[in-house]
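Participant: I need the structure of the sequence given here:
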Amino acid sequence: AFTWFAHNPNSGFGGSAVFFEIWADTANFNQVQYTVGADQVAPQFESRGKGNYFNISNNLNSVTHDTIWNENSEQLASIQYWSELRDGQYLLQVYLPMPDSSHYNFRFETVGTGKFDVWSSSIFGMSNIVTNTGGINAFTESHKYVNPDSLKTIVSSFQCSPHVITVGNYYNDSGYVNLDSTWTSNGGIRGKIAETSSRGPTRDNRMKPEIAASGHGVNAPLPLNLIDYYLNHPTLDSTLALGGMHRRNGGTSMASPIVAGVGALLLEKCSKMTNAEFKSALIAGAYSDNFTGTLPNYSFGYGKLDGLNTLFSSSFENVLVGNLDFCKGDSTLISISNPVSSFNWNDNDTNSTIYSSLTSSNYLVTSNVFGCNSDTSYFQTTAHLPPTPPTVVVDFDSLIITNPSGHHIQWYYDDILLDFENEPSLFVNYNGEYYATITNFFGCTSYTETINYNSVGIEEKLHSSSIYPVPAHDFISIVSQAPLEAITIHNVDGKLIYHSNNINESLFRINTAQWANGTYSIKLSTSQNIDVQKIVIQH
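Facilitator: Residues are numbered from 1 along each chain as shown. Down below sits the predicted model:
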């Protein structure tokens, strides 16, 4: 395979010359042999001659000389190769000083299996790589020609490191007003990528650059000791911006400090942030426009720098956990669910949680492992009063709460919770002590006065069901005058222990072997009445 390099009459390497560099990983170039040849381009393509083949491993750290001869044994060019090993990479420099046939194209030709990279341009005093425009198809060796990747211009240096943030450069503006009040064009379009901005990817196909910033056509402050010098030189004073204190500059040398400035601001906000986190913040804050096209790409990376969004991307809010509303006389525990490393509550408490027993205004600021402070979390804790204690009146065979106020109601009989009895009025079946609780939206509870009701007739007070043995051990048996429809049993704390529906039996047995010793309330429902009794379990 081969590629042409053009002669440069104004080479930065000794005047008229052909010069370019080859870079390759050692494993990719050990099996490659190379030479340089001279090819006539006009009036037709024709190979005029080439030198000997060399292998780089046999010629390290020395100048190797060779000559290109034509078929008449006339010298077309002399060749100098310099090769060296740098940290697992080969550098090969190819130099043809003052070739005799400067109108020829000079081929770099390789045989074998391998891979290498070349960055070469007359802008840097080297030789331009010749792009095949189609005319080469008339050449018998056209199938061996390798066109350069003209879009990939990033070089192999520290900016290719995964630990370095590489910055692309776009036009900051299309021009500026100079010291003479004259509009001076920068030769570009504001927002467009600059021609001098290198494009990726890296040699191992990683995304570079990561971000792009305005750089080309930036007016920056001129050092005070240079202002007079510029003002007194007619060729320089017109390069100063209006006012004479700023001078036009441009390139990635201006774009990268802009990104570094955002990094300084971010470190001021998040003092422990790593370079990887900074890169993530830059990418998260980047934006696209008509110039960037689809992102990411090898010109703009992940987009254009947005400093404010980059700073915002490190912001976070705390997620509060705990009841902000509680009952007076109680307290509440407040914490957060998101991971942080430090806390600062409004009372300067630095613990991860706080207790509150009062109505108060509070706030919290936390920091994460990168030293970033959270947004301030403001919150109000409120100690709510219980409802006004309700009044109960006796209305013949019912008890009625006169001021329920929409709160939740629960009735009790002889300190036993009456299941499903949650209405303001209660029909009384048995003599005994009754009271109710009312609970508001915040869970605060008030108690009614206890009513000792004794107006149920003696014939109504008799139980319609029998329960034995007394006390019970591993089971209880229930004998009912009418078929049982449902049985509900609670312990003394009001907790539901047992419930059964659709029984339709007059004799029923319940296993109590696993029940704790103590007194239980049992409610027996038939089609005729509801019977509430107490049972005792004693193992």
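
Participant: List the buried residues of the helix or strand that residue 531 is a member of.
Facilitator: Element membership for residue 531 (DSSP states H and E) is strand 530-537. In terms of neighbour count (16 or more other C-beta atoms under 10 Å), strand 530-537 has its buried residues at 530-532, 535, 537. Using the backbone N, CA and C atoms, a C-beta is placed for each residue, glycine as well.

Participant: cool, stretch 360-379 as well?
Facilitator: Neighbour counts over stretch 360-379 (16+ other C-beta under 10 Å) mark 362, 364-368, 370-374, 377, 379 as buried.

Participant: for stretch 518-534, same thing?
Facilitator: Quick answer for stretch 518-534 (16+ other C-beta under 10 Å): 520-526, 530-532.

Participant: Distance across that stretch, terminal residue to terminal residue?
Facilitator: Across stretch 518-534, the terminal residues are separated by 10 Å (C-alpha to C-alpha, to the nearest Å).

Participant: what's in contact with it?
Facilitator: Stretch 518-534 is contacted from outside by 413-414, 416-419, 429-430, 463-465, 467, 478, 480-492, 497, 535-537, using C-beta atoms under 8 Å, 6 or more residues apart in numbering.

Participant: Could you give the bridge partners of residue 509?
Facilitator: Note on residue 509: beta-bridge partners residue 477, judged by DSSP bridges.

Participant: doesn't residue 387 make contact with residue 440?
Facilitator: Yes: Residue 440 lies in contact with residue 387 (C-beta atoms under 8 Å); the separation is 5.0 Å.

Participant: list residues touching both of the two?
Facilitator: Each of residue 407 lies in contact with both residue 440 and residue 387 under the rule C-beta under 8 Å, 6+ apart.

Participant: out of those two, which sits in the busier spot?
Facilitator: residue 387 (21 against 18; other C-beta atoms under 10 Å).

Participant: residues contacting the more buried one?
Facilitator: Contacts of residue 387 by C-beta under 8 Å, 6+ apart are 405, 407, 438-440, 444-446.

Participant: what's the spacing between it and residue 271?
Facilitator: The gap separating residue 387 from residue 271 is 51 Å, by C-beta to C-beta, to the nearest Å.

Participant: Over to residue 279?
Facilitator: 17 Å.

Participant: Could you check which of these two has the larger neighbour count?
Facilitator: Of the pair residue 279 and residue 271, residue 279 is the one with more neighbours under other C-beta under 10 Å, namely 18 against 11.

Participant: tell me how far the ends of stretch 450-470 are from each other?
Facilitator: 29 Å.

Participant: right, I mislabeled it, should have said stretch 127-143
Facilitator: Counting by C-alpha to C-alpha, you get 23 Å between the two ends of stretch 127-143.

Participant: Could you do stretch 366-374 as well?
Facilitator: Start-to-end, stretch 366-374 (C-alpha to C-alpha) is 5 Å.

Participant: And the helices in the protein?
Facilitator: Secondary structure of the chain (DSSP state H): helices at 26-29, 224-231, 234-237, 252-269, 275-285, 307-312, 458-461.

Participant: Tell me the buried residues in the third one?
Facilitator: So that's helix 234-237. Within helix 234-237, the residues that qualify as buried are residue 237, counting by 16+ other C-beta under 10 Å.

Participant: With only the CA atoms kept, save it in PDB.
Facilitator: Provided in PDB are the C-alpha atoms of helix 234-237 (Å, rounded to 0.1, in the frame of the first residue of the first chain):
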ATOM      1  CA  PRO A 234       1.500  51.200  13.100                       C
ATOM      2  CA  THR A 235       1.400  47.600  12.100                       C
ATOM      3  CA  LEU A 236       0.400  46.500  15.600                       C
ATOM      4  CA  ASP A 237      -2.000  49.300  16.800                       C
END
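
Participant: for that helix, packing partners?
Facilitator: Under the contact definition 3 or more C-beta pairs under 8 Å, 6 or more residues apart in numbering; DSSP states H and E, helix 234-237 sits against helix 224-231.

Participant: what about the strand holding residue 531, distance to the chain center?
Facilitator: Chain-centre distance of strand 530-537: 62 Å, with C-alpha atoms, centre = their mean, to the nearest Å.

Participant: for stretch 367-384, same thing?
Facilitator: Its chain's average C-alpha position is 21 Å from that of stretch 367-384, according to C-alpha atoms, centre = their mean.

Participant: Now do residue 335 against residue 321, distance only.
Facilitator: Relative to residue 321, residue 335 is positioned 5 Å away (C-beta to C-beta).

Participant: Neighbour count: the two, which is higher?
Facilitator: residue 335 (15 against 12).

Participant: between the buried residues of strand 530-537, which is nearest residue 228?
Facilitator: Set against residue 228, the nearest of these by C-beta to C-beta is residue 537 (105.3 Å).

Participant: mind checking pLDDT for the closest one?
Facilitator: On pLDDT, residue 537 comes in at 89.

Participant: now do residue 524
Facilitator: 89.

Participant: Who is it paired with across the strands?
Facilitator: Beta-bridge partners of residue 524, as defined by DSSP bridges: residue 487, residue 531.

Participant: Quickly note the distance from it to residue 442.
Facilitator: Using C-beta to C-beta, residue 524 is found at 36 Å from residue 442.

Participant: quick one: low-confidence parts of the stretch 151-300 of the chain?
Facilitator: Flagging of the stretch 151-300 of the chain using pLDDT under 70 yields the residue ranges 155-156.

Participant: for it, what spans make up the strands?
Facilitator: In the stretch 151-300 of the chain, the segments counted as strands under DSSP state E, counting those that start in this stretch are 167-171, 175-177, 183-185, 211-216, 218-221, 246-249.

Participant: Need those in a markdown table (columns: distance to residue 15).
Facilitator: Below are these laid out as a markdown table (distance: least, C-beta to C-beta, whole Å):
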| stretch | distance to residue 15 |
| --- | --- |
| strand 167-171 | 31 |
| strand 175-177 | 36 |
| strand 183-185 | 33 |
| strand 211-216 | 31 |
| strand 218-221 | 35 |
| strand 246-249 | 30 |
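
Participant: Columns distance to residue 317 and mean neighbour count on top of these, output as TSV?
Facilitator: TSV is the format used below for the strands of the stretch 151-300 of the chain (distance: least, C-beta to C-beta, whole Å; neighbours: other C-beta atoms under 10 Å):
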stretch	distance to residue 317	mean neighbour count
strand 167-171	31	27
strand 175-177	42	16
strand 183-185	47	12
strand 211-216	26	26
strand 218-221	36	17
strand 246-249	41	18
